[in-house]
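**Student:** Return a 3D structure for these sequence lines:
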Amino acid sequence: MNDSMPDVLGAGETDSDDTPDDSAWWQSSVVYQIYPRSFADSNGDGIGDLRGIIARLDHLEILGVDIIWLSPIYASPHDDNGYDISDYRAIDPVFGTLEDFDLLVAEVHRRGMTLLMDLVVNHTSDEHPWFVESASSRDNPKRDWYWWRPARTGGIGGEPGAEPTNWGSFFSGSTWEFDEASGEYYLHLFSRKQPDLNWENADVREAVYEMMRWWLDRGVDGFRMDVINLISKDPALPDGVIAPDKHYGDGFPHYGYGPRIHEFLHEMHERVFAGRVGRFLTVGEMPGVTVEQARRFTDPARRELDMVFQFEHVGLDYGPSGKWDPRPLDVRELKASFARWQEGLAKVGWNSLYWNNHDQPRAVSRFGDDRLYWAKSATMLATVLHFQRGTPYVYQGEELGMTNVPFGGISDFRDIESLNYFAEAIEELGGEPESVLHSIRHISRDNARTPIQWSDEPQAGFTAGSPWIAVNPNYPTINAQSQHGRAGSIFEFYRTLIALRHTDPVISRGTFELLYPEHRTLVAYTRTLKNRQLLVLANFGNGHLEVGELSDIELPEADAWRTAPTLIDNYPANEGIDNLVLAPWQARVLTRCLR
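**Tutor:** Alright, predicted model coming up:
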């Protein structure tokens, strides 16, 4: 084995010298994300829990997924639904116990699947003992475990404009909170109850690594790392540029990819994974990451991460003012983004493929047609994603075609980001409530966080009690019970997609070539490996398409493709059909051997 390659499977290692470097076990796998609070409730308190997950593992086994990513289940005050952690080694009682967790690990492994924990180490809760100590006095040994700063020169602590920098928080307002007891500010890129850890402190890093090793010893198979690109910050903490329509400066250039980010991630790999026996996976969530940066982070020779979670394609429908200013998706921009990532990571690096997660609205409502062509657009979107090179992610309910929610007033929402934006938009920016609500309904994270729709029983079979957030009212028609085993259902279509990735090496390892980049509704690309080629055709629209007449760019060997065998199609098979004619929201994948 090449000495430059890491000694841990899941960081790019291969099983034999003549196997391509891109054949790591997770490259032909599919990940399923569970948001525990909304997955399944076993005790009737209206909140999903570990025993509920265990009871529904058969659903995931039937679906065929390989890896389960579990959103945070640690002890937490739940200011940000568990992404504010008060004890990294405890299960929050609302989800269960460590014994429940051990049983979950055993049941997942018994079914041949692996389990990823969500690692949230850019910040903790302000109720974590580390922060409680840090805030207790300026000379406490843990004071430097977080970012504390005095008021800026000439400012008076606690008064507007005295904050150490002008940075704006991801969750609205300033990134700085004044602590009257010590007379200093602490940094929080997200909620004020989520103070940022100071990774410049070696003791902080070692405490994190020790915690990670503890979970691996308990049977966890790796980590999805929340906003891991933010852990290195420019220690000078300079002011950011203030855009004309903003109140706060943009601090991202100073904390997004700080000067020691690669050093920290390499150190994490060496201190946590190197030499450990087993198969492990590390996924870095990285807002704002570029293709070039992702290539470095996931280059196996660098021993940093296995794959990145990037956001370029899910920001394409943001308007000039950001996510709360939505605009229609331009399919040409989407294709360009896909091609950029496919080509950029073709030889070195690895990408995560997704439409949905706990921070994104439902894709079938956002990019498809969740009414007349609900099932067709859901399966079309799935096809376009799953046939690309990278590791696909299925977010809970996506395999059922769950949609956005018809929220009424602001009282229907639970997400801190949405609630903070509403207050800021109304109170500080003078927005009209209904106009602000319109944007929130479209893009709010709560669209992804309503309970999974298991059946047409009360509360969609999620709970015997009152759910923590209302169930989508369309659950009587969109639910798992109505789709299991039913030919043509979205669930069964996902089963087929996942099985194909497991068995067809062209999907996991083939080269990618985009076709018709300038067409407004057609997504077309090929995947090629040795003497076999796949052609993926997808119609992002309500009209019919005929590929041969779309543009001046001729489809290579179009006549051969017209009668080529179909690998998968989200419309019923039709003998004698012209393969290059697509119905609304149709997705068809053709296969052939090359001469």
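**Student:** Please name the residues that touch the residue lying closest to V384 once chain neighbours are set aside.
**Tutor:** Distances taken as CB to CB, 6 or more residues apart in numbering place A538 nearest to V384, at 4.9 Å, with adjacent residues excluded. Placement of C-beta: from N, CA and C, glycine included. Counting by CB atoms under 8 Å, 6 or more residues apart in numbering, A538 makes contact with 380, 383-384, 522-524, 582, 586-588.
**Student:** Who is Y74 paired with across the strands?
**Tutor:** Beta bridges link Y74 to I91, judged by DSSP bridges.
**Student:** rewinding a little: quick one: which of the contacts of A538 is nearest W145?
**Tutor:** Each of the contacts of A538 was checked against W145 using CB to CB; the closest is V384, at 44.4 Å.
**Student:** Would you confirm that that closest one belongs to a helix?
**Tutor:** Yes. Applying DSSP: H, G, I helix; E, B strand; the rest coil, one finds V384 inside a helix.
**Student:** hang on, it packs against L514?
**Tutor:** No. Between V384 and L514 there is no contact under CB atoms under 8 Å: 11.6 Å.
**Student:** The two: who's more crowded?
**Tutor:** Counted by other CB atoms under 10 Å, V384 and L514 do not tie: V384 has more neighbours, with 24 against 16.
**Student:** I'd like the distance from that one to W585, if you could.
**Tutor:** Distance check for V384 against W585: by CB to CB, to the nearest Å, it reads 11 Å.
**Student:** cool, and N579?
**Tutor:** Counting by CB to CB - N579 and W585 are separated by 17 Å.
**Student:** So those two - more neighbours on which side?
**Tutor:** Neighbours of N579 and W585, each counted by other CB under 10 Å, are more numerous for W585; the result is 25 against 19.
**Student:** so where does the residue nearest the centre of the chain fall, helix or strand?
**Tutor:** The centre of the chain sits closest to N357, judged by CA atoms, centre = their mean, with a distance of 4.7 Å. For N357, there is no helix or strand it lies in under DSSP states H and E.
**Student:** ok, it touching V394?
**Tutor:** No. Taking contacts as CB under 8 Å, N357 lies outside contact range of V394: 9.9 Å.
**Student:** which residues do the two both contact?
**Tutor:** Q33.
**Student:** which other residues reach stretch 81-88?
**Tutor:** By CB under 8 Å, 6+ apart, stretch 81-88 touches 36-37, 71-78, 92, 118, 120, 123-129, 190-191, 193-194, 211, 226, 414-416, 449.
**Student:** T175 - how many residues pack around it?
**Tutor:** 28.
**Student:** which residues does it contact?
**Tutor:** 163, 165, 167-169, 187-189, 248, 251.
**Student:** now do V291
**Tutor:** V291 is in contact with 340-341, 344-345, counting by CB under 8 Å, 6+ apart.
**Student:** go on, Q481?
**Tutor:** Contacts for Q481 were tallied using CB under 8 Å, 6+ apart; they are 454-456, 461.
**Student:** Farthest-apart pair in those, please.
**Tutor:** W454 and D456 (9.2 Å).
**Student:** which one of those two has more residues nearby?
**Tutor:** More crowded of W454 and D456, by other CB under 10 Å: W454, with 21 against 14.
**Student:** Could you pull up phi and psi at A524?
**Tutor:** Main-chain dihedrals, A524, degrees, to the nearest 10: phi -140, psi 130.
**Student:** next one: A538
**Tutor:** Per degrees, to the nearest 10, the backbone of A538 is at phi -140, psi 140.
**Student:** bridging residues for it?
**Tutor:** Bridge pairing for A538 - DSSP bridges - gives V523, A587.
**Student:** Can you give me the pLDDT of it?
**Tutor:** On pLDDT, A538 comes in at 97.
**Student:** State the number of residues packed around T503.
**Tutor:** 10.
**Student:** among the helices and strands of the protein, which has the poorest mean pLDDT?
**Tutor:** helix 558-562 (a mean of 84; mean pLDDT, DSSP states H and E).
**Student:** Now the element after it, going C-ward?
**Tutor:** Downstream of helix 558-562, the first helix or strand assigned by DSSP H and E is strand 566-569.
**Student:** What strands line up against that following strand, and which way round?
**Tutor:** Strand pairing for strand 566-569, determined by DSSP bridges: strand 587-593 (antiparallel).
**Student:** residues of the partner strand that come out buried?
**Tutor:** 587-592 (16 or more other CB atoms under 10 Å).
**Student:** and which of the residues you listed is nearest to G222?
**Tutor:** The closest of those, once distances to G222 are taken by CB to CB, is V589, at 30.2 Å.
**Student:** Identify the residue spatially nearest to the closest one, adjacent ones excluded.
**Tutor:** Leaving out its chain neighbours, the residue that sits closest to V589 by CB to CB, 6+ apart is L567, at 4.4 Å.
**Student:** again, but for A40
**Tutor:** G52 (3.2 Å).
**Student:** The one you found sits in which helix or strand?
**Tutor:** Here G52 is covered by helix 50-55, with elements defined by DSSP H and E.
**Student:** quick one: buried residues of that helix?
**Tutor:** Using 16+ other CB under 10 Å as the burial criterion, the residues of helix 50-55 that qualify are 50-54.
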